[in-house]
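Asker: 3D model of this:
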Amino acid sequence: MRKSSALFLLATFIPSFAWAAPRAHGAASGQIPAVALATLQKINPERIRAHVRFLSHDLLEGRGTGQRGGDIAAEYIATQFALYGLKPAGDNGTYLQKVPMVGITPEPQTTFSLVPARGDARNLTVLDDYVAYDQTQQPQSDVDADIVFVGYGIEAPEYKWDDYKNTDVRGKILLMLVNEPPSNDVNFFKGKALTYYGRWTYKYEEAARKGAVGVILIHQTEMASYPWEVVRNSNSGEKSFLKLDDTPKLKVASWVQTTIARQIATSSGLDLDKMMADARSREFRPVTLPVKLKAHMVSKIRPFESNNVIAMLPGNDRKMKDEAVLYTAHYDHLGYRPDMPGDNIYNGANDNATGCGILLEEARVFAESPSRPRRSILFASVTAEEQGLLGSEYLGKHPPVPAGKITLDLNYDDVPPLGAPEEVEVAGAERTTFYPAVQGLAKTFRLTIRPDARPEAGHYYRSDHFSLARVGIPAFSVNEGNKFKGHDAAWGLQQAEEYTSKHYHQPSDEYHPSMDFTGDAAMARFGFALGWEAATQPKLVSWQKGDEFEAARLKSSGN
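Answerer: Model (predicted):
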């Protein structure tokens, strides 16, 4: 939507909404205590609607990280927590946890050229051909380096896979594929399911650890699971980073269109399709190309602080109240682009005003419950998810309760308002000891657990629960599946595909009065029951033995 000059008005909440309660008795692990059952019935889809409408309003200008609209969203959420009577769990007795950040904006003086050993240099056009950021947080960096094709850029000893083969890549630019080697074998990169090795964040991190000065990722829609427009919109204008720490950073963190990668291959006398096919073999070895990247990176550097918003409902058990269940949802989106004509606000109604609306409604009913669970309940609406899970990363490193004492994180991200769901997706829950309770409660709520509809997209590694998992906290997101009342699963899949292709990270992700928040309320009730159960179980939740996050859990617990 275009920016509006309308008055700053909050939506009016309407009376409570009648709904069909879950069965009073399910499987042994799916029974809901009477007090919890009575409380979760107060969850109101129209209250969720009101939050979504406000948070995605033009006046908040897309809730950009480090932008005025993002700060307004944080203050709005903090105000709701205060109205509910929840205890502040941020810095210095406030609801806000300051997250030190740096905004980096590539300047027009930046140049990005491919220089073959023979022939003329090719100057690339930003946004059309490539996107790039300088992670070193310096105003200027110069790069003149050989390009080395390193396949998928993965070193994974547990899968007997090494794309680097001890090649010295210090000072080089690494050309690589997104995703990971394709497989149907669940014992090899988890088959069709994407692991963290396939995420672009891992590829940047690993290249930097090995001393490379830059990475060029080759974009393909079918491999990345999203079109170039998503890459362009997510990597244009100011991009935020956590304030520089002692980890290695890249001078050039970039993506290019497939057509550009094909030109790099052709100018090297190679065929890109064959290079990509060769990369699928364990025998692949890095290939130094007769092409250099010559880049002059000029960046505007803006130090600033953003905020996570954190509140607590103390538990009622003298010994267990120092432990907690955590609910998370990011409030940021992509902000607005004053230099862009037409609709220049990325309102982020689905992504992720919906998750915030659910979190706030859960916080309200928890606070109003006549009885509290044994463990404490934490509510955290985090910043800078769209910038690379930065707010949740900071929260994981600076939790208000030690990570080893947080039994579970339940995250909400982009819960489409499409009507009454008959399925739930909880990808990652099966990796925890809490899964039997999830199964029992899903049965109680008459929800079929649907496996991740697109495991190849690596959704588990693309939302804030992942940041908490990395520090050992058992964590997963709660969302609807594809089957909705009155529709078949194909209809739900069609809605998801249409949203991804036409609205995801686009200005058209807007609030509409026709949205049906029945499903969002259902996910709130289900999540409320999950959290109550986790807060009352005698033992802390853990990861299944052998899971990739088990070691972090043991470390955080002092074992």
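Asker: give me every residue that touches Tyr202.
Answerer: Neighbouring residues of Tyr202 by C-beta atoms under 8 Å, 6 or more residues apart in numbering: Ile154, Tyr196. To be clear about C-beta, it is placed using only N, CA and C from the backbone, and glycine gets the same treatment.
Asker: would you mark the buried spots in the host helix or strand of it?
Answerer: Element membership for Tyr202, per DSSP states H and E: helix 200-209. Within helix 200-209, the residues that count as buried by 16 or more other C-beta atoms under 10 Å are Trp200, Tyr202, Lys203, Tyr204, Glu205, Glu206, Ala207, Ala208.
Asker: could you identify the most distant pair in those residues?
Answerer: Trp200 and Ala208 (12.6 Å; C-beta to C-beta).
Asker: Asn166 - how many residues pack around it?
Answerer: Using other C-beta atoms under 10 Å, Asn166 has 8 neighbouring residues.
Asker: swap in Gly558?
Answerer: Residues near Gly558, counting by other C-beta under 10 Å: 7.
Asker: let's verify it: helix, strand, or coil?
Answerer: Following DSSP: H, G, I helix; E, B strand; the rest coil, Gly558 is assigned to coil.
Asker: for the residue lying closest to it once chain neighbours are set aside, give me the pLDDT.
Answerer: Sequence neighbours aside, Gly404 is the residue nearest to Gly558 in space, at 6.5 Å (criterion: C-beta to C-beta, 6 or more residues apart in numbering). Listed pLDDT for Gly404 reads 98.
Asker: shouldn't Ala329 be within a helix?
Answerer: No: assignment of Ala329 by three-state DSSP gives strand, placing it outside any helix.
Asker: can you report how many residues lie near the nearest residue to it once chain neighbours are set aside?
Answerer: Nearest residue to Ala329, sequence neighbours excluded (C-beta to C-beta, 6+ apart): Gly355, at 3.4 Å. Using other C-beta under 10 Å, Gly355 has 31 other residues around it.
Asker: Gly355 - that's part of a helix, no?
Answerer: Yes: the assignment for Gly355, made by three-state DSSP, places it in a helix.
Asker: hang on, it packs against Asp413?
Answerer: Yes: look at Gly355 against Asp413 with C-beta atoms under 8 Å: they come within range, at 5.1 Å.
Asker: overlap of the contact sets of those two?
Answerer: By C-beta under 8 Å, 6+ apart, Gly355 and Asp413 have these common neighbours: Ala329, His330.
Asker: can you tell me the helix or strand for Val325?
Answerer: strand 324-330.
Asker: and that strand, what does it pack onto?
Answerer: Applying 3 or more C-beta pairs under 8 Å, 6 or more residues apart in numbering; DSSP states H and E, one finds that strand 324-330 makes contact with helix 354-368, strand 376-382, helix 390-397, strand 406-411, helix 465-470, helix 518-536.
Asker: partners of whichever helix or strand comes after that strand in the sheet?
Answerer: Later in the chain than strand 324-330, the nearest helix or strand by DSSP H and E is strand 335-336. Counting by DSSP bridges, the strands paired with strand 335-336 are strand 345-346 (antiparallel).
Asker: flag the shaky bits of the stretch 451-559 of the chain, pLDDT-wise.
Answerer: Applying pLDDT under 70 to the stretch 451-559 of the chain flags the ranges 453.
Asker: what comes up buried for stretch 297-311?
Answerer: In terms of neighbour count (16+ other C-beta under 10 Å), stretch 297-311 has its buried residues at Met297, Val298, Ser299, Phe304, Ser306, Asn307, Asn308, Val309, Ile310, Ala311.
Asker: check for me that the first one belongs to a strand.
Answerer: Yes: the assignment for Met297 (three-state DSSP) places it in a strand.
Asker: is it in contact with Asp134, as I believe?
Answerer: Yes: if you go by C-beta under 8 Å, Met297 and Asp134 touch, sitting 4.2 Å apart.
Asker: overlap of the contact sets of the two?
Answerer: Pro106, Ser141, Lys251, Val252.
Asker: now the helix or strand of the chain with the lowest mean pLDDT: buried residues?
Answerer: Counting by mean pLDDT, DSSP states H and E, the chain has its least confident helix or strand at helix 221-224, which shows a mean of 82. Neighbour-count burial for helix 221-224, with 16+ other C-beta under 10 Å as criterion, is recorded at Met223, Ala224.
Asker: quick check: which helices or strands does that helix pack against?
Answerer: If contacts are counted by 3+ C-beta pairs under 8 Å, 6+ apart, helix 221-224 sits against helix 228-234.
Asker: quick one: Ser141 is in a strand?
Answerer: Yes: under three-state DSSP, Ser141 sits within a strand.
Asker: got the contact list for it?
Answerer: For Ser141, the contacting residues are Asp134, Lys251, Val252, Ala295, Met297, by C-beta under 8 Å, 6+ apart.
Asker: if I look at the most centrally placed residue in the chain, how far off is Val230?
Answerer: Residue closest to the mean C-alpha point of the chain, counted by C-alpha atoms, centre = their mean, is Ser463 at 2.2 Å. From Ser463 across to Val230, the span is 15 Å (C-beta to C-beta, to the nearest Å).
Asker: which residue comes closest to Tyr504 once chain neighbours are left out?
Answerer: In space, Tyr504 is closest to Val230, 6.4 Å off (C-beta to C-beta, 6+ apart).
Asker: I figured that neighbour hits His505, correct?
Answerer: Yes: counting by C-beta under 8 Å, Val230 touches His505, with 4.9 Å between them.
Asker: more neighbours: these two, which one.
Answerer: Neighbour totals were compared for Val230 and His505, and His505 leads with 21 against 18 (other C-beta under 10 Å).
Asker: residue contacts, that one?
Answerer: Contact partners of His505, counting by C-beta under 8 Å, 6+ apart, are Tyr226, Glu229, Val230, Asn233, Ser234, Leu334, Tyr346, Asp351, Glu386.
Asker: show me where the stretch 401-550 of the chain has its strands.
Answerer: Remark: strands assigned in the stretch 401-550 of the chain by DSSP state E, counting those that start in this stretch are 406-411, 423-425, 448-449, 475-477, 479-480.
Asker: to Ser557, which of the ones you listed lies closest?
Answerer: strand 406-411 (10.5 Å).
Asker: how about that closest one as CSV, C-alpha atoms only?
Answerer: Presented in CSV, the C-alpha positions along strand 406-411 are these (Å, rounded to 0.1, in the frame of the first residue of the first chain):
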residue,chain,number,x,y,z
ILE,A,406,14.2,-23.1,28.8
THR,A,407,12.3,-26.3,28.2
LEU,A,408,10.8,-25.5,24.8
ASP,A,409,10.4,-22.7,22.2
LEU,A,410,7.2,-22.5,20.2
ASN,A,411,7.5,-20.2,17.3
